[in-house]
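**Student:** here is my input, please return the structure:
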Amino acid sequence: MAYNSNSSTQSSGNNRAERVIRYTDRDFNSFKNSLIEYSKTYFPNTYTDFSPSSPGMMFMEMAAYVGDVLSFYQDNQIQETFTQFANQTSNLYQLAYMMGYKPKVTGAAVADVEIFQVIAATGGDPDWSECVIIPSNTKITSNVDGASSFITQNFVDFSVSSSANPTEVSVYQSTGGTPDKYLLKKTVQALSAATASVDFAFGSYEKYPTVIINDDNIIKITDCTGGGGETWYEVPYLGQDTVLIDEANSSNTDDFSVPYILKLKRTNRRFATRFLSKNQLQIQFGPGGESQDDADIVPDPSNVGENNANLNATTAFSPSNFTFTNTYGTAPVNTTLTFTYLKGGGIGSNAAANTLTSIDTSLVTLSGGGTPSNTIINSIAVNNPDPATGGSSGDSADEIRENSLRMFGTQLRSVTADDYTVRALSMPGTYGAVGKIYVEPERLENNNPNIRPSVLDMYVLGYDNNKRLTTTSATFKKNLSTYLSQFRMANDTVTIKDGFIVNIGVDFSLVLRPNYAGNQVLERCLNTLKSYFSIDRWQINQPIFITDIYTVLDKVEGVQTVKNVTITNKSGGNYSQYYYDVKGATMNNVVFPSQDPSIFEVKYPDSDIRGSITNF
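**Tutor:** Numbering: from 1, shown residues only. From the prediction side, this is the model:
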C-alpha cells in the first residue's frame, strides 16, 4: 500500500481506482459530510440509505465522533506547547521555567519596623548590660483582627550601633535633670510571612529524586537540613555547583557595620525547585552518590576548570563561577530532610501604618548572655510608622505569559528598558512585589550637575492592603536595587524613583431606552466603569480615551445614548497630594498623562464614579 500527501492507493484483485482522501476535515460535521460524500462517490450501488436513523449513518457518525475527539486533543496539545496560547496552569509554569522566568505565586509585603527598649541609667549613663538581642524570624503581629503577621529579617542587638545599623538613644525618664532611664530604638525590615516546615524521608538510592511541598502562598525555602545535621542548598538549576552563603561576622575587627560575611561554597548537596501550580512546589535532587567532593572553593585563576581538564578556549564561563564538575549533585539516601520555608504575602498583607504593634519576646536574650528580667521584657515595644508595601497575589496567567516572553529575550542580562522592567517584575516575592513600573532613559533636564547621570530612570509604585496605589518604602527600593545589580550591564546605572499618582473622578449622564428602570441601568453602568478603571488595567503613562468610555457605556443594556462624560481631578486629604489640570491635559477627547511618569487611578470607585439620567 502506497501513500502520498493527498491521496492513498488501494490495490486489490480488480485494481480499484485511486481513492481521493481529504485531510482538511477538523470537526464532527466536516468528517460526517466527507464520509457521506466518500460513500456516494465510491460505493454508489453498495449503500444508498443516508437517512439519520439508518445503521450506515450510525457508523459514519461514530467515525466522525472519533475524528472530532482526536482533532480536539491534537489541537489542544499543540496549543499547550506555546507560551502565548497555553491555558493549563501546569504547562504555563513549565514553559515559563524553560524561558528563564520563575513565576511568583505570592508577593510578600515588606515594612520598616521600629523596635524600642527601655534600659536603666547608671550614673546618668545608659546601662548597656540590660540591652537585649532579638533573633531574626521573630514574629510581629497586627492590632487589626485577621491581619497578616510579619517576621523580622535580621537580628536586633541594641548594644551595637554603627552607621549602617544605628541604635538611637534618647532620655526616657529623668529626675532633676539626671536621666533615670533611656529609650533605645532600632529599625529592622519585616516580611509578611510565617515559618513552616515539612519532613521528607528518603530510602535507597534513586536518580533525580523529587518531592513536592503542598501548601498555599509559598514564598521561598529558607533552610534544608539532613538527619545528620548536614545542610543542603538551593540552586537555580542542578548544573550550578556553587552557592553564596552568609555567615555571622565573628571576626575580632569589631566591624559591626558588616553583620554577615558572604562566601562562595561549592557543594554537591544541592537541589532545585520549581512551582507546578499555585500550591505545589517541586524539589528535585541530583543523581550522584555521597562519595563526591564537597569542598569549599573560592574561584580564582588557579582553579579554572576544577575537576575537568578537557576545557578549551570556547568554554563559556560564568562571571561568578568558573569551576566545573561532571555531576548534577548528590541524591539523598537513607535520610530524612527537613525543609523550612516561608509562606504568606498577598494583597491583604500590605499592613497600614501603626498597626504592627505586638512582638514575640519568648526568644529574647541579653546581649551579654542570660535571660532578661520581666521588667526588661515588658519594656520592649514595636511599631511600623509607614505602611507595608510590596504584597501581591502572585502572577496571573497573562502575566506569566508576557513576563516569560520578555524574559527569554534578555538571556539573563538586562540591556533594554523592557529587560529592566521584566527583571523588576520577576524579583522574588520575599523582597516585595512591584505594583506598577515604568522605565525610561534619564531626561537631560533632570540631570543634576553634582550627581552622576543615570542611564535609566525606573519609576515604581506599590499597593496598600486595599490594592490602592501607593509609593514604595526605602527598604523596598533597596531590595530592588540589590536584585537588579545581578543583571545590569557594567556601564549601566539605574535610579529607582516613585511614580506619580493622579487620582480622578468620572461623571457621566445618559439617556435611557424606553421601558427600562433607571436605577438598574445606572448600576450596570457603574459596575462597567468600575471594571474599566480597575487598577489592573492601567499602567504608568497610559492616557484616558474618553471616546472609549462612551463606547463601553453605549454597550450597556438599557442605554440609548451617553450625553456627557467628564473626568475630574481628586487631590488632597485621602487622595494623592498631586493636583493635575485635567482640562488643560485634554485634547481631542484624550486625557494625556503628565511629562513626569504618572498613572491615573480611581481610588474610591464607589464614590468617585457618578452617573445620572437625563433627557434629550
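**Student:** what's the helix or strand encompassing residue 173 in contact with?
**Tutor:** Residue 173 belongs to strand 168-175 when assigned by DSSP states H and E. Contact with strand 168-175 is made by 118, 126, 179, 180, 181, 182, 183, 184, 185, 186, as judged by Cβ atoms under 8 Å, 6 or more residues apart in numbering. Quick note: C-beta positions are derived from backbone N, CA and C, even for glycine.
**Student:** CSV for those residues, including distance to residue 65, secondary structure and pLDDT?
**Tutor:** Below are these laid out as CSV (distance: Cβ to Cβ, whole Å; DSSP: H, G, I helix; E, B strand; the rest coil; pLDDT from 0 to 100):
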residue, distance to residue 65, secondary structure, pLDDT
118, 80, strand, 95
126, 85, strand, 92
179, 90, strand, 91
180, 90, strand, 92
181, 85, strand, 93
182, 84, strand, 94
183, 80, strand, 95
184, 78, strand, 95
185, 74, strand, 94
186, 72, strand, 94
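**Student:** got the residue ranges for the strands in the stretch 501-616 of the chain?
**Tutor:** 544-545, 559-570, 586-587, 590-591, 598-601, 609-613 (DSSP state E, counting those that start in this stretch).
**Student:** for residue 288, find the nearest of those strands.
**Tutor:** The closest of the strands of the stretch 501-616 of the chain to residue 288 is strand 598-601. By Cβ to Cβ, the value is 50.7 Å.
**Student:** on that earlier part again, could you export the strands of the stretch 501-616 of the chain as a markdown table, including mean neighbour count and distance to residue 459?
**Tutor:** Output for these, formatted as a markdown table (neighbours: other Cβ atoms under 10 Å; distance: least, Cβ to Cβ, whole Å):
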| stretch | mean neighbour count | distance to residue 459 |
| --- | --- | --- |
| strand 544-545 | 17 | 19 |
| strand 559-570 | 16 | 20 |
| strand 586-587 | 12 | 23 |
| strand 590-591 | 16 | 19 |
| strand 598-601 | 22 | 9 |
| strand 609-613 | 16 | 26 |
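**Student:** mind checking these for the one nearest to residue 33?
**Tutor:** Residue 33 sits nearest to strand 559-570 of all these, at 43.3 Å, using Cβ to Cβ.
**Student:** how far out from the middle of the chain is that closest one?
**Tutor:** 36 Å (Cα atoms, centre = their mean, to the nearest Å).
**Student:** and for that strand, what's in contact with it?
**Tutor:** With contact meaning Cβ under 8 Å, 6+ apart, strand 559-570 is reached by 502-513, 521, 525, 544, 546, 549-550, 553-554, 576, 579-582, 586, 591, 603, 608, 614.
**Student:** mark which of those are buried, thanks.
**Tutor:** Neighbour-count burial (16 or more other Cβ atoms under 10 Å) applied to the contacts of strand 559-570 gives 502-506, 508, 510, 512, 521, 525, 544, 546, 549-550, 553, 576, 580, 582, 591, 603, 608.
**Student:** inside helices: which ones of the contacts of strand 559-570?
**Tutor:** Using DSSP state H, the subset of these located in helices is 521, 525, 546, 549, 550, 553, 554, 608.
**Student:** which stretches of the stretch 1-150 of the chain form helices?
**Tutor:** Ranges of helices in the stretch 1-150 of the chain, per DSSP state H, counting those that start in this stretch, are 28-42, 55-79, 89-98.
**Student:** ranking those by burial, who's on top?
**Tutor:** Mean neighbours per residue, mean count of other Cβ atoms under 10 Å, is largest over these for helix 89-98, with a mean of 18.
**Student:** next, the angle helix 55-79 makes with that helix.
**Tutor:** Orientation note: helix 89-98 sits at an angle of 30 degrees relative to helix 55-79 (axes from the mean of the first three to the mean of the last three Cα atoms, to 10 degrees).
**Student:** avg pLDDT for helix 89-98?
**Tutor:** Taken as a whole, helix 89-98 has a mean pLDDT of 88.
**Student:** shaky segments in this structure?
**Tutor:** Along the chain, the parts satisfying pLDDT under 70 run over 1-17, 162-164, 244, 246-264, 289-327, 409-413, 429-430, 444-454.
**Student:** outline the domain layout of it.
**Tutor:** Here the domain parsing of the chain from automatic domain parsing is 2-79, 110-192+345-383, 195-344, 413-498, 500-613.
**Student:** mind putting the helices of the stretch 1-150 of the chain into a markdown table with distance to residue 530?
**Tutor:** Shown next, in a markdown table, are the helices of the stretch 1-150 of the chain (distance: least, Cβ to Cβ, whole Å):
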| stretch | distance to residue 530 |
| --- | --- |
| helix 28-42 | 41 |
| helix 55-79 | 33 |
| helix 89-98 | 28 |
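**Student:** for residue 399, which of the ones you listed is the nearest?
**Tutor:** Closest approach to residue 399 among the helices of the stretch 1-150 of the chain is made by helix 89-98 (10.0 Å; Cβ to Cβ).
**Student:** which pair in the ones in helices among the contacts of strand 559-570 has the greatest spatial separation?
**Tutor:** Taking every pair in the ones in helices among the contacts of strand 559-570 and measuring Cβ to Cβ, the maximum separation is 21.5 Å, between 554 and 608.
**Student:** which residue is nearest the middle of this protein?
**Tutor:** When Cα atoms, centre = their mean is applied to the chain, the residue found nearest the centroid is residue 104 (3.8 Å).
**Student:** what about that residue, distance to residue 607?
**Tutor:** Residue 104 sits 33 Å away from residue 607, going by Cβ to Cβ, to the nearest Å.
**Student:** also residue 502?
**Tutor:** When distance is defined by Cβ to Cβ, residue 502 is 17 Å away from residue 607.
**Student:** now do residue 132
**Tutor:** Going from residue 132 to residue 607 by Cβ to Cβ gives 47 Å.
**Student:** so which of these two has more stuff around it?
**Tutor:** residue 132 (24 against 10; other Cβ atoms under 10 Å).
**Student:** so the more buried one is in contact with residue 378, correct?
**Tutor:** No: at 11.7 Å, residue 132 does not count as touching residue 378 under the criterion of Cβ atoms under 8 Å.
**Student:** ok, residue 105 - contacts?
**Tutor:** 217, 218, 275, 278, 279, 394, 395, 429.
**Student:** ah, wrong one, I meant residue 483
**Tutor:** 423, 424, 427, 428, 431.
**Student:** on the three-state scheme, the third one is what?
**Tutor:** I take that to be residue 427. coil (DSSP: H, G, I helix; E, B strand; the rest coil).
**Student:** that one contacts residue 482, correct?
**Tutor:** No: if you go by Cβ under 8 Å, residue 427 and residue 482 don't touch, sitting 9.6 Å apart.
**Student:** quick one, which of those two is more surrounded?
**Tutor:** Neighbour count, other Cβ under 10 Å: between residue 427 and residue 482, residue 427 has more, with 20 against 11.
**Student:** just give the closest residue to that one, not the sequence neighbours.
**Tutor:** Using Cβ to Cβ, 6 or more residues apart in numbering and skipping the chain neighbours, the partner closest in space to residue 427 is residue 483 (4.8 Å).
**Student:** next, the buried residues of the strand or helix carrying the one you found.
**Tutor:** Element membership for residue 483 (DSSP H and E) is helix 474-484. For helix 474-484, burial by neighbour count (16+ other Cβ under 10 Å) applies to 475, 476, 477, 479, 480, 483, 484.
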